[in-house]
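Peer 1: A predicted structure for the sequence below; I have some questions about it.
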Amino acid sequence: MQSSGAQFADRPAQKAWLNRTVLGMGLTSLLSDFSHEMATAILPGFLAVLGVSAAALGFIEGVADGLMSLTKLWAGWLSDRLERRKPLVVGGYFLTGSATGLLALAAGWPTVLLARAAAWFGRGARSPARNSILAGSIPPASLGKAFGFERAGDTTGAIVGPLVAVALLSHLRSARAADLVFPFRLIFALTLIPGLAAGISFAALIRETPRASSSLPFRAAMGKLPAAFRGALWGVGVFGLGDFARTLMILAATHLLAAGYGVVRAAQVAGLLYVVHNILYAGVAYPAGALADRWGHRRLLSVGYFCGAAAAAGLAAAFVWKLSSITFLVLLFALEGVSAATSEAVEAALTADLANPETRGTAYGALGAVNGAGDFVASFVVGVLWTVISPAVAFAYAGMAMAAGAILIANLKTRFSRSPRSDMN
């Protein structure tokens, strides 16, 4: 692996990490998540009004997530071959914002699938290039803080977007009670405002210095990823095998609370618990990144993974002992929020720390693909184990997989070597 000086040769010398690029990234992520989380919050209800089944929703989300993961792998390699990555990112933001707004025209699930897949293709296309630009704009010692700040902006949008969507839906359904579809269509159309504003924000605020592009073919670029980074991907992948979709956690809370509150009330409480999750995510992302810069990226990432394992183990225990305490569930959702914030912020920082500038986009693409594949497998396996055996077994499996990933990351230093600077920072 290159020495630390060569490794960060494409990063300009700067005294402050909170620069125009970092601020622009945070604002852009907030606007983008505001847009697509508005749509996500009301999409199940919209499909229910159209008479579309839950199985179709699962198929739509599965196809969209799978396409996003594959796109990240391709787009990461492509971004390394570009002197300027910014146009790729701006195009991705505009595609996501526009496609999300097209949900307003949907009359059935095929149009929803097309719009959702296009939006998630845009997300996959922009992510590796965006992260590479961010990593190249800050000092090495501030990677965690910068990525934590960007994740905090992202999740602030994920909190505000659903709350605005639910408030608008309540108001519009009262005003247009006879037309069940119109409120949903109007909200989808309104997502165009923050969605397109995200692309404008990135174009206006982000500065990128032209760089020497890579001419490596895809296989050669993958082969040049450092051994330490490939080792980290093993830990990320094993953790991902247990990192189930948050919708399953919401469903679990609904089941646990239904006996005491009724199904409808339990579902409402479970939704609020997810808001708690997102609030913790937004509040923890920056402090976690800052702490990782001081304590070590690898070390804090393993702690974040263990928090996720503890949340899954807590759900398994809740089903075994039939625990329906809201306080206990708040603790579990909070733990999962801490885990998600730490994982996403520090995984991005660790990737910048380990990857060479020449193949940094490819590294982010590989990270996204591994995460996406793990998420798909985890949600599928947890769902099957829940249905065939029991939810307790399903979440116990998830907890063990996440704990195994945490152990692999914690022991990464002794198994893989890298530059003298890092201490696998």
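Peer 2: Sure thing, it's come through.
Peer 1: Gly199 touches Thr100, doesn't it?
Peer 2: No - counting by C-beta atoms under 8 Å, Gly199 stays clear of Thr100, with 12.0 Å between them. Every C-beta, even on glycine, is put in place using the N, C-alpha and C of the backbone.
Peer 1: Counting neighbours, go ahead and name the busier of these two.
Peer 2: Comparing Gly199 with Thr100 by neighbour count (other C-beta atoms under 10 Å), the higher total belongs to Thr100, at 30 against 24.
Peer 1: who's in contact with the closest residue to Ala404 other than its chain neighbours?
Peer 2: Residue nearest to Ala404 in three dimensions, not counting chain neighbours: Val238, with 5.1 Å by C-beta to C-beta, 6 or more residues apart in numbering. Shown in contact with Val238 (C-beta atoms under 8 Å, 6 or more residues apart in numbering): Gly374, Ala401, Ala404, Gly405, Leu408.
Peer 1: how about His355, phi and psi?
Peer 2: In this structure residue 355 is Ala, not His. The phi/psi pair for Ala355 (degrees, to the nearest 10) reads phi -80, psi 150.
Peer 1: What residues does it make contact with?
Peer 2: Ala355 sits in contact with Leu225, Pro226, Phe229, Thr362, Ala363, Tyr364, where contact means C-beta under 8 Å, 6+ apart.
Peer 1: Please enumerate the helices of the stretch 301-425 of the chain.
Peer 2: Assigned by DSSP state H, counting those that start in this stretch, the stretch 301-425 of the chain shows helices spanning 326-354, 360-388, 391-410, 412-415.
Peer 1: Redo these as a markdown table? Include mean pLDDT and mean neighbour count.
Peer 2: Output for those, formatted as a markdown table (pLDDT from 0 to 100; neighbours: other C-beta atoms under 10 Å):
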| stretch | mean pLDDT | mean neighbour count |
| --- | --- | --- |
| helix 326-354 | 90 | 24 |
| helix 360-388 | 85 | 22 |
| helix 391-410 | 95 | 22 |
| helix 412-415 | 55 | 15 |
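Peer 1: Compare the ones you listed and give me the one nearest Val284.
Peer 2: helix 326-354 (4.1 Å; C-beta to C-beta).
Peer 1: Can you name every helix or strand that that closest one contacts?
Peer 2: Packing contacts for helix 326-354, counted by 3 or more C-beta pairs under 8 Å, 6 or more residues apart in numbering; DSSP states H and E, involve helix 109-135, helix 143-175, helix 227-240, helix 246-261, helix 263-295, helix 297-320, helix 360-388.
Peer 1: Need the nearest residue in space to the residue nearest to the spatial centre of the chain, chain neighbours excluded.
Peer 2: Nearest to the mean C-alpha position of the chain, counting by C-alpha atoms, centre = their mean, stands Glu344 at 6.6 Å. Distances taken as C-beta to C-beta, 6+ apart put Arg151 closest to Glu344, at 5.4 Å, once the chain neighbours are dropped.
Peer 1: hang on, isn't the one you found packed against Ala341?
Peer 2: Yes - assessed by C-beta under 8 Å, Arg151 is found in contact with Ala341 at 6.3 Å.
Peer 1: any weak-confidence spans in the stretch 51-200 of the chain?
Peer 2: When residues are selected by pLDDT under 70, those of the stretch 51-200 of the chain lie in 53-58, 61-62, 174-178.
Peer 1: hmm, who's touching stretch 88-96?
Peer 2: Residues from elsewhere that reach stretch 88-96, judged by C-beta under 8 Å, 6+ apart: 28, 32, 35-36, 75, 78-79, 82, 118-127, 129-130, 133, 195-196, 198-199, 202-203, 206.
Peer 1: and what of stretch 199-212?
Peer 2: With contacts defined as C-beta under 8 Å, 6+ apart, stretch 199-212 is touched by 10, 12, 20-21, 23-25, 27-28, 31, 83-86, 89-91, 93-94, 97, 130, 133, 136-137, 357.
Peer 1: Endpoints of that stretch, how far apart?
Peer 2: In stretch 199-212, first residue to last residue: 25 Å (C-alpha to C-alpha, to the nearest Å).
Peer 1: before we move on, back to that, would you mind giving the helices of the stretch 301-425 of the chain as TSV with distance to Phe319 added?
Peer 2: Listed next are the helices of the stretch 301-425 of the chain as TSV, based on distance: least, C-beta to C-beta, whole Å:
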stretch	distance to Phe319
helix 326-354	12
helix 360-388	9
helix 391-410	4
helix 412-415	33
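Peer 1: Looking at the ones you listed, which is nearest to Val269?
Peer 2: helix 326-354 (6.8 Å).
Peer 1: per-domain residue ranges of this structure.
Peer 2: For the chain, the structural domains run 1-213, 226-414, going by automatic domain parsing.
Peer 1: Let me have these in CSV, adding distance to Ala220 as columns.
Peer 2: Formatted as CSV, these follow (distance: least, C-beta to C-beta, whole Å):
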stretch, distance to Ala220
domain 1-213, 10
domain 226-414, 9
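Peer 1: These: which one's closest to Arg219?
Peer 2: Evaluated over these, closeness to Arg219 peaks at domain 1-213, with 9.6 Å, by C-beta to C-beta.
Peer 1: Tell me how far that closest one lies from the chain's centre.
Peer 2: 10 Å (C-alpha atoms, centre = their mean, to the nearest Å).
Peer 1: returning to what we had before: mind checking which of the contacts of stretch 199-212 are buried?
Peer 2: Buried subset of the contacts of stretch 199-212 (neighbour count, 16 or more other C-beta atoms under 10 Å): 10, 21, 24-25, 27-28, 31, 85-86, 89-91, 93-94, 97, 130, 133, 136-137, 357.
Peer 1: returning to what we had before: which of the contacts of stretch 88-96 are buried? Put it as a PyMOL command.
Peer 2: Here is the PyMOL selection string for the buried members of these, based on 16+ other C-beta under 10 Å:
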select buried, resi 28+32+35+36+75+78+79+82+118+119+120+121+122+123+124+125+126+127+129+130+133+195+196+198+199+202+203+206
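Peer 1: for Ser32, what are its contacts?
Peer 2: So Ser32 contacts Tyr93, Thr96, Gly97, Asp154, Gly157, Pro194, Gly195, Ala198 (C-beta under 8 Å, 6+ apart).
Peer 1: Farthest pair within the residues you listed?
Peer 2: Spatial extent of the contacts of Ser32 (C-beta to C-beta) is set by the pair Gly97 and Asp154 at 14.7 Å.
Peer 1: Show me which residues of stretch 269-282 are buried.
Peer 2: The neighbour-count check on stretch 269-282 (16+ other C-beta under 10 Å) flags Val269, Ala270, Leu273, Tyr274, Val276, His277, Asn278, Ile279, Leu280, Tyr281, Ala282 as buried.
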